[in-house]
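[1] Have a look; sequence and predicted model below, questions after that.
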Amino acid sequence: MSTLSARIVEDMKTAMKAKDTVALNVVRGLKSAMKYAAIEKHGAEGELDDTEAVTVIRKEIKKRQDSVASYEQAKRADLADVEKAEIAVLEKYLPAGMSADEITALVEKVIAELGATTKKDMGAVMKKVQEMAAGRADGKVLSGEVSKRLQ
């Protein structure tokens, strides 16, 4: 079991004892999503490593961010606040994010390594950048930075 999976199980127990329904529901849902991803990738008895688990967490956060945008557009602040609280719980499981300077340096390094010059090279650059960022930066931010650097 990965350290992140073990931490999630412990946090679920803590949320149960504290009767923290928001955290408990979010952690249960996350555990379920991770199990589905593990089955999909590795079969019924499979386990996700921490990098794969971070990918699942990012997907769950993205779902909630999309919901927040929809709720705010529909003027349902009450529902948006619930989603924001869930995002806060999920963000505790993400590794420390990369700063803007670190992202810029990483993108420039990969572009230099690959000799990329045009937008046609963006796919290869993005693949390498995401691999090297290892879940510490949002894909949209990385894509924007790569896009700025390639003509």
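    Received the coordinates, thanks.

[2] biggest helix in this structure by residues?
    helix 50-73 (DSSP state H).

[3] for stretch 13-26, which positions count as buried?
    Residues of stretch 13-26 classed as buried: 15, 23, 24, 26 (neighbour count, 16 or more other C-beta atoms under 10 Å). All C-beta spots, glycine's among them, are computed from the backbone N, C-alpha and C.

[4] first to last residue in that stretch, what's the distance?
    13 Å (C-alpha to C-alpha, to the nearest Å).

[5] farthest-separated two in the buried residues of stretch 13-26?
    Using C-beta to C-beta, the buried residues of stretch 13-26 reach their maximum pairwise distance at 15 and 26, which is 8.5 Å.

[6] any common contacting residues for the two?
    Where contact means C-beta atoms under 8 Å, 6 or more residues apart in numbering, no residue is in contact with each of residue 15 and residue 26.

[7] ok so, going back, hey, C-alpha coordinates of the longest helix of the chain in CSV?
    Extracted in CSV, the C-alpha atoms of helix 50-73 (Å, rounded to 0.1, in the frame of the first residue of the first chain):
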residue,chain,number,x,y,z
ASP,A,50,1.7,7.7,-5.0
THR,A,51,2.2,9.3,-8.5
GLU,A,52,-0.9,7.5,-9.8
ALA,A,53,-2.8,8.4,-6.7
VAL,A,54,-2.0,12.1,-7.1
THR,A,55,-3.4,11.9,-10.7
VAL,A,56,-6.7,10.6,-9.3
ILE,A,57,-6.7,13.4,-6.6
ARG,A,58,-6.2,16.0,-9.3
LYS,A,59,-9.1,14.6,-11.3
GLU,A,60,-11.3,14.7,-8.3
ILE,A,61,-10.3,18.4,-7.6
LYS,A,62,-10.9,19.2,-11.3
LYS,A,63,-14.4,17.8,-11.1
ARG,A,64,-15.2,19.9,-8.1
GLN,A,65,-13.7,23.1,-9.7
ASP,A,66,-15.9,22.5,-12.7
SER,A,67,-18.9,22.2,-10.3
VAL,A,68,-18.0,25.4,-8.5
ALA,A,69,-17.9,27.3,-11.8
SER,A,70,-21.3,25.9,-12.8
TYR,A,71,-22.8,26.6,-9.4
GLU,A,72,-21.5,30.2,-9.4
GLN,A,73,-22.8,30.7,-12.8
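
[8] Many thanks, have a good one.
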